[in-house]
Structures are given as structure tokens and as C-alpha cells.
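In: I'll drop the sequence and a predicted model, then ask my questions.
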Amino acid sequence: MEESIYNIIIEDPIPHKRQKKYKSQFPGTIQPSYSTFGNQSNVIQVKNISGDYQLSSRRYASESGTIGKTKTQQLSPIKPRIMGTNNLDEWIEKGSIVRSREFTNSHRNKLKPLVPKSNEKPTMGLQSNRNFIATNKIDVILKSPKQIQEQPNWLTKKDYGSIPLYLSQIKDQLQQSYLEQQDYAKRQQEAENDKLQLLPEQELQQIREGLKQRYDEVNKQYQQYTHLKKFDTVGLKRRKEQFEKELIQIEKDMDKMKKQYVFIEK
């Protein structure tokens, strides 16, 4: 026996061969014994409790019918795939899968050789009579000398110092985008200005006087509640809060009306 380090490796145990799959003598497409599942009537269509199965006369439509299967049509059982194995040849042999064509890859010849299997033993003691030192010497002698490439002078380049074309295109795009934004903002401002109208000075003065008069009236009513120490009723609390909110709102309106120019919507 030839000496090899692979002899030390323990071989994998052979897996136990599985028994043949059980297959019933009855077709797998028929219903169980005395089953009424999915029936439109109370008639039991399949009777296979005694070891054989019988189909009733109304299991399928008549041969003159246009829908459903005829009496003479046979039910072909489905071919199940082999369970517990991934062997493609066994599937093809049983008829579960049909091999259409052999898959060929154009890059098979370009790939490296496959990794050897664990049970393959390489041939030991191979030797070569090739003199690698002499071969390397001959290859170096016959090899043409390496030519040093001169570095190009970029100062003498035809487009040296000029702006690249892509930068000019980007600059034009940015300028065009900026002009479009300015035009859009201008049109938006014009549209907003068309909706506004300058309030006349006479009308503005009337509004100011009316706000001042209203402020005095509300403030006078509010001052009547300042001497109270307790607001023990809901009505007093609500009136006090209402006067405070109204005074705050009138003060805000008076601040807006103090401006020289006041615009209102048309």
C-alpha cells in the first residue's frame, strides 16, 4: 500500500438507504370514504371502505354535458417528487422533472480547475526534470529591454489654459436656473401686489379713532371688576377673561394701524 497522509483520514460513514415510498393502491385524487365534503347533495359519491372504490353514476356530468369531466375520463394521479433527496437524475427518472437541454457555460474553459474532493488522493512523488534556473536565464536574455516612456509636457497641450467645455456648460445651466428663479419670484411678487390695495389716509384715521374709542369702552367695563378680590362665580370669571382678551386684541390692531402705509386685500 502506497504511503499517503490521506490514509490517516477516517472515511465518512455510508448513509443508510431509505426504503421505497409507500404508495396507496387507490388514486390520490379521490375523496376519503363516505366523505360529503364539497358535495351539492347528500349522495355519497365514493365508497372505498371495503378495499375497492366505486364511483356513483352522478360523480361526473354526463357525456353530453358541456361542463365538467365525463364518465370515461380517467383521473391520473399526481407524480410526487422524491422526498429526502436532491438528486436531479432521480427526479428526471421518475418523471417529476423533464430535462429540457444541457446547460453550457461559455466561461467554463476560463475558470480554474475544480477543488479536489475529499475522497480523491493526489499522486505522490511527482518530479520534474526541468531546470528552472537555466530557463529563467534564457527568458531574461531573450527579453527585450523595457522602454522608458517620456512624460508628456502639459504646457504644450493644445487646450492648455482654456476653460473646459463641461465647466462652461455647468455655468450656463446655473445662470439659466438663477434667471428662472428670479423671473418666478418677480411674477409671484406682482401677483401678490395685484391682490393688495393701499388704505386711504382718511379711512385709516377713522379706523384708528374707532379702535381708540372701543378700547376706552372695554377698559372702562374692565376697571369695574378690578376692585373685586374673589371671582367666585363662573359669570364673573368669564366676563373678566373676555375683557382681557378683547383689550389684548385691540392693542395688536392699534399697533398695526400705527404704520404709515397699510395695505388690505381687494
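Out: All right, it came through fine. Everything numeric in this text was worked out from a predicted model, so none of it was measured. Residues are numbered from 1 along each chain as shown.
In: switch to C-alpha atoms for all contacts and neighbour counts from now on
Out: Will do.
In: How much space separates residue 266 from residue 211?
Out: Plainly put, residue 266 is 22 Å away from residue 211 if you go by C-alpha to C-alpha, to the nearest Å.
In: cool, and residue 230?
Out: For residue 230, the distance to residue 211 (C-alpha to C-alpha) stands at 31 Å.
In: When those two are compared, which one has more neighbours?
Out: Set side by side, residue 230 and residue 211 show more neighbours around residue 211, with 17 against 9, by other C-alpha atoms under 10 Å.
In: quick one: the helices in the protein?
Out: Listed from the start of the chain, the chain has helices (DSSP state H) covering 88-94, 132-142, 165-195, 201-223, 234-257.
In: Any regions of this structure where pLDDT drops low?
Out: For the chain, applying pLDDT under 70 flags the ranges 1, 26-88, 90-110.
In: Other residues contacting stretch 121-139?
Out: Stretch 121-139 is touched from outside by 4, 6, with contacts defined as C-alpha atoms under 8 Å, 6 or more residues apart in numbering.
In: what do you get if the cut-off is 7 Å, keeping everything else the same?
Out: Outside of stretch 121-139, the residues that reach it under the criterion C-alpha atoms under 7 Å, 6 or more residues apart in numbering are residue 6.
In: and what of stretch 180-197?
Out: Where contact means C-alpha under 7 Å, 6+ apart, the residues beyond stretch 180-197 that reach it are 263, 264, 265, 266.
In: quick one, what contacts the first one?
Out: Contact criterion C-alpha under 7 Å, 6+ apart gives 196, 197, 198, 199 as the residues in contact with residue 263.
In: ok, now the third one?
Out: Contacts of residue 265 were listed using C-alpha under 7 Å, 6+ apart, and they are 195, 196, 197.
In: same thing with the second one?
Out: Contacts here follow C-alpha under 7 Å, 6+ apart; on that basis residue 264 touches 196, 197, 198, 199.
In: and if we set it to 6 Å?
Out: 196, 197 (C-alpha atoms under 6 Å, 6 or more residues apart in numbering).
In: Kindly provide the distance from the closest residue in space to residue 222 that isn't next to it in sequence to residue 215.
Out: Across the structure, with C-alpha to C-alpha, 6 or more residues apart in numbering as the measure, the residue nearest residue 222 apart from its sequence neighbours is residue 243 (6.0 Å). Distance of residue 243 to residue 215, computed by C-alpha to C-alpha: 10 Å.
In: Need the residues touching each of those two.
Out: A shared contact of residue 243 and residue 215, defined by C-alpha under 6 Å, 6+ apart, is any residue touching both; here there are none.
In: any chance of the contacts of stretch 180-197 in a markdown table, with distance to residue 237 too?
Out: Compiled in a markdown table, the contacts of stretch 180-197 are given as follows (distance: C-alpha to C-alpha, whole Å):
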| residue | distance to residue 237 |
| --- | --- |
| 263 | 37 |
| 264 | 36 |
| 265 | 37 |
| 266 | 40 |
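In: Relative to residue 19, which of those residues is nearest.
Out: For residue 19, the closest of the contacts of stretch 180-197 turns out to be residue 265, at 92.4 Å, with distances computed as C-alpha to C-alpha.
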